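> Everything below, folded, please.
(chains A and B)
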Amino acid sequence: KAGVTQTPRYLIKTRGQQVTLSCSPISGHRSVSWYQQTPGQGLQFLFEYFSETQRNKGNFPGRFSGRQFSNSRSEMNVSTLELGDSALYLCASSLGTANSGNTIYFGEGSWLTVV
Amino acid sequence: DAKTTQPPSMDCAEGRAANLPCNHSTISGNEYVYWYRQIHSQGPQYIIHGLKNNETNEMASLIITEDRKSSTLILPHATLRDTAVYYCIVRVRNTGNQFYFGTGTSLTVIP
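Numbering: from 1, shown residues only, chains lettered A, B, ... in the order given. Alright, predicted model coming up:
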């Protein structure tokens, strides 16, 4: 069974631009969540989508947005990029049932550098 | 959400057991304890999780104290490839799949 796939793996953008990152979950998984990892803040939850609806949202500005498609694939978008948005963006998928025992599986991440 | 406390770093000799502790004194009755690890520049890898009973899989064992206020992840025979940051996470109940990662323990396996 293929794991969580994220594209692109590496990208460089200029301040003020926008970026879209893509995530394909494990087959059969309906929940996709996104995390940002920086050296200073560690791993932080961005948002979670389940059945094309945002179910949870972390404490990030509105420049960070996402969506999920009917096939459970997800994209996240960051508009008006700032230098501080340089980070590893991680996607994780799970079956999606809202109980404590639901395990999430991560992709390898997308490295974003803003210059 | 229940917070976890882990030592920032640990060393372990190759071939020996690595015992990584985690304190979660405010854990609620239905909250699970999860362990993930992250090797540099890769996505976090799921290791194991448990609720009350001790758990074992092909990667590790998880020992949870009877009062559930702490747990220990055991890697029975550490190898150099086990060098990573290990995160102990308490899963918040009824919040979908939102996980709170702390700073973890940086484990270095020494040859």
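> C-alpha only now, for contacts and for neighbours.
Will do.
> would you list every one of the strands in chain B?
B:9-13, B:18-23, B:33-38, B:45-50, B:55-56, B:61-64, B:70-75, B:84-90, B:105-110 (DSSP state E).
> quick one: strands adjacent to the third one?
Partner strands for strand B:33-38, per DSSP bridges, with pairing direction: strand B:45-50 (antiparallel), strand B:84-90 (antiparallel).
> how deep is A:Gly62 tucked in, by neighbour count?
The number of residues packed around A:Gly62, counting by other Cα atoms under 10 Å in any protein chain shown, is 8.
> cool, A:Thr5 as well?
The tally of other residues near A:Thr5 (other Cα under 10 Å) stands at 21.
> What residues does chain A have near chain B?
Within chain A, the positions adjacent to chain B are A:31, A:33, A:42-45, A:47-48, A:55-56, A:90, A:94, A:96-109 by Cα under 8 Å from any Cα of the partner chain.
> which residue ends up closest to the midpoint of chain A in space?
With distances taken as Cα atoms, centre = their mean, the residue of chain A nearest its centroid is A:Trp34 (2.9 Å).
> Sketch out the low-pLDDT regions of chain A for me.
For chain A, applying pLDDT under 70 flags the ranges A:1, A:97-101.
> could you pull out the strands for it?
Listed from the start of the chain, chain A has strands (DSSP E) covering A:5-7, A:10-13, A:19-24, A:31-38, A:42-50, A:53-57, A:64-68, A:74-78, A:87-94, A:105-106, A:110-114.
> buried residues in stretch B:63-83?
B:63-64, B:68, B:70-75, B:78-79, B:82-83 (16 or more other Cα atoms under 10 Å in any protein chain shown).
> Let's have these in JSON lines, adding distance to A:Arg67 and pLDDT.
Shown next, in JSON lines, are those (distance: Cα to Cα, whole Å; pLDDT from 0 to 100):
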{"residue": "B:Ile63", "distance to A:Arg67": "38", "pLDDT": "98"}
{"residue": "B:Ile64", "distance to A:Arg67": "38", "pLDDT": "96"}
{"residue": "B:Arg68", "distance to A:Arg67": "37", "pLDDT": "94"}
{"residue": "B:Ser70", "distance to A:Arg67": "37", "pLDDT": "96"}
{"residue": "B:Ser71", "distance to A:Arg67": "36", "pLDDT": "96"}
{"residue": "B:Thr72", "distance to A:Arg67": "37", "pLDDT": "98"}
{"residue": "B:Leu73", "distance to A:Arg67": "36", "pLDDT": "98"}
{"residue": "B:Ile74", "distance to A:Arg67": "38", "pLDDT": "98"}
{"residue": "B:Leu75", "distance to A:Arg67": "38", "pLDDT": "98"}
{"residue": "B:Ala78", "distance to A:Arg67": "40", "pLDDT": "97"}
{"residue": "B:Thr79", "distance to A:Arg67": "40", "pLDDT": "97"}
{"residue": "B:Asp82", "distance to A:Arg67": "35", "pLDDT": "97"}
{"residue": "B:Thr83", "distance to A:Arg67": "35", "pLDDT": "97"}
